[in-house]
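>>> Quick one: sequence and predicted model below, then my questions.
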Amino acid sequence: MNERGDTHLKSIGYLLWIFGFLGAHRFYYGRPVTGTIWLFTLGLLGIGWIVDLFLIPGMDQEADYRFTAGDVDYNLSWILLTFLGPFGVHRMYMGKWLTGLLYLLTLGFFGLGVLYDYWTLNDQITLINAETRA
């Protein structure tokens, strides 16, 4: 672990790996481009999904180095996004009440907002955590 904190957990990474053919674990570890590729190719036709089973420890270590720990927990945010994303619960947890309520009323801005959050959630949390540290 580094001085920035243990931001991501391997156990959550492996839980999301179960949905890995949709790229969930890759988004979680801050790899939105390959997450999107996995989403549209079903984990590179399952081959990349199986290979990722062995790559998760390295992705976890890299994510711990890249992202800033703080009051908003990455793991809880990702669980909320993955399972309740269209309802905006993850946004409400991060203190973004207005957009959280809008997600609730529009099923995550008709799914596009949820996809946006898959791409940017780690960065959103890092900004919030950096602001609360300052």
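Done, it's in.

>>> what residues are up against Gly113?
99, 102-103, 106 (CB atoms under 8 Å, 6 or more residues apart in numbering). Using the backbone N, CA and C atoms, a C-beta is placed for each residue, glycine as well.

>>> Could you check how far the residue nearest the centre of the chain is from Leu101?
Centroid-nearest residue in the chain, with CA atoms, centre = their mean: Tyr28, separated by 3.3 Å. Using CB to CB, to the nearest Å, one gets 25 Å for the distance from Tyr28 to Leu101.

>>> Could you do Ala63 as well?
In terms of CB to CB, Ala63 sits 29 Å off from Leu101.

>>> Which strand or helix spans the residue lying closest to Thr106 once chain neighbours are set aside?
Here the nearest residue to Thr106 in space, its sequence neighbours aside, is Gly113; by CB to CB, 6 or more residues apart in numbering that works out to 7.7 Å. Here Gly113 sits within helix 112-133, counting by DSSP states H and E.

>>> what's the answer for Arg91, then?
helix 89-93.

>>> Other residues contacting that helix?
72, 76-78, 80-81, 84, 97, 99-101, 103, 117, 121.

>>> Kindly format the C-alpha coordinates of it as CSV.
What follows is helix 89-93, C-alpha atoms only, in CSV (Å, rounded to 0.1, in the frame of the first residue of the first chain):
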residue,chain,number,x,y,z
VAL,A,89,-27.9,6.4,-5.1
HIS,A,90,-24.2,6.6,-5.7
ARG,A,91,-24.5,10.3,-6.6
MET,A,92,-26.5,11.0,-3.4
TYR,A,93,-23.8,9.2,-1.4
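
>>> what comes up buried for the following helix or strand past that helix?
Once the chain leaves helix 89-93, the next helix or strand it forms, by DSSP H and E, is helix 97-110. Within helix 97-110, the residues that qualify as buried are 99-100, 103-104, 108-109, counting by 16 or more other CB atoms under 10 Å.

>>> Among the contacts of Gly113, which one sits closest to Phe19?
Nearest to Phe19 out of the contacts of Gly113 is Tyr103 (CB to CB; 20.1 Å).

>>> my read: the closest one touches Pro86, true?
Yes: under the criterion of CB atoms under 8 Å, Tyr103 makes contact with Pro86 at 6.7 Å.
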